[in-house]
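Undergrad: below are the sequence and a predicted model; questions follow.
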Amino acid sequence: MDKKYFSYVPHKEEEYLVKLMGHIRSLESGGSVPRPEFMKEFTKFLKDKGWKFSGRSIQVDKKGNPAKDIDL
C-alpha cells in the first residue's frame, strides 16, 4: 500500500459535547429576548468559561417562526 494515502491519527480521547435545542425566554420584558443582546451575553459567558460555540442563532416569534432581530 502506498503510504501517501494513509496517515496515522493518534487515539484521541472521546469528546462529549452539549447540543442546545430550544428557546430562550426572558422572565421580564413579556418574555422577549433580543438576539443581539443574548448573543453578546452568551459569548461573554462562553469566553469566561473558556468554551466555544459552533452553530447559529436566529430571532423567532412566540410560535418559533423566524423573525427580524428585535431591540428592546
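TA: Arrived safely, thanks for sending.
Undergrad: make it CA atoms for all contacts and neighbour counts henceforth
TA: Fine.
Undergrad: what bits of this structure have low per-residue confidence?
TA: Applying pLDDT under 70 to the chain flags residues 1-11.
Undergrad: show me where it has helices.
TA: Taking DSSP state H to define them, one finds helices in the chain at 35-49.
Undergrad: could you pull out the strands for it?
TA: Secondary structure of the chain (DSSP state E): no strands located.
Undergrad: for the spatially closest residue to Ser57 that is not a sequence neighbour, what are its contacts?
TA: Excluding the flanking residues, the one nearest Ser57 by C-alpha to C-alpha, 6 or more residues apart in numbering is Arg35, at 7.6 Å. Arg35 sits next to Ser57, Ile58, Gln59, Asp69, Ile70 when contact means C-alpha atoms under 8 Å, 6 or more residues apart in numbering.
Undergrad: please repeat the previous calculation with a cut-off of 10 Å.
TA: By C-alpha atoms under 10 Å, 6 or more residues apart in numbering, the contact set of Arg35 is Ile24, Glu41, Ser57, Ile58, Gln59, Val60, Lys68, Asp69, Ile70, Asp71.
Undergrad: count the residues that sit near the first one.
TA: In other words, Ile24. The local packing count at Ile24 equals 12, with neighbours defined by other C-alpha atoms under 10 Å.
Undergrad: what does the last one give?
TA: Asp71 sits with 10 neighbouring residues when counted by other C-alpha under 10 Å.
Undergrad: please renumber so the chain begins at 33
TA: Fine by me, first position is 33 from now on; the one you just mentioned is Asp103.
Undergrad: now do the contacts for the closest residue to it other than its chain neighbours.
TA: Distances taken as C-alpha to C-alpha, 6+ apart place Pro66 nearest to Asp103, at 5.6 Å, with adjacent residues excluded. Remark: with contacts taken as C-alpha under 10 Å, 6+ apart, Pro66 is in contact with Ile56, Arg57, Ser58, Ile90, Gln91, Val92, Lys100, Asp101, Ile102, Asp103, Leu104.
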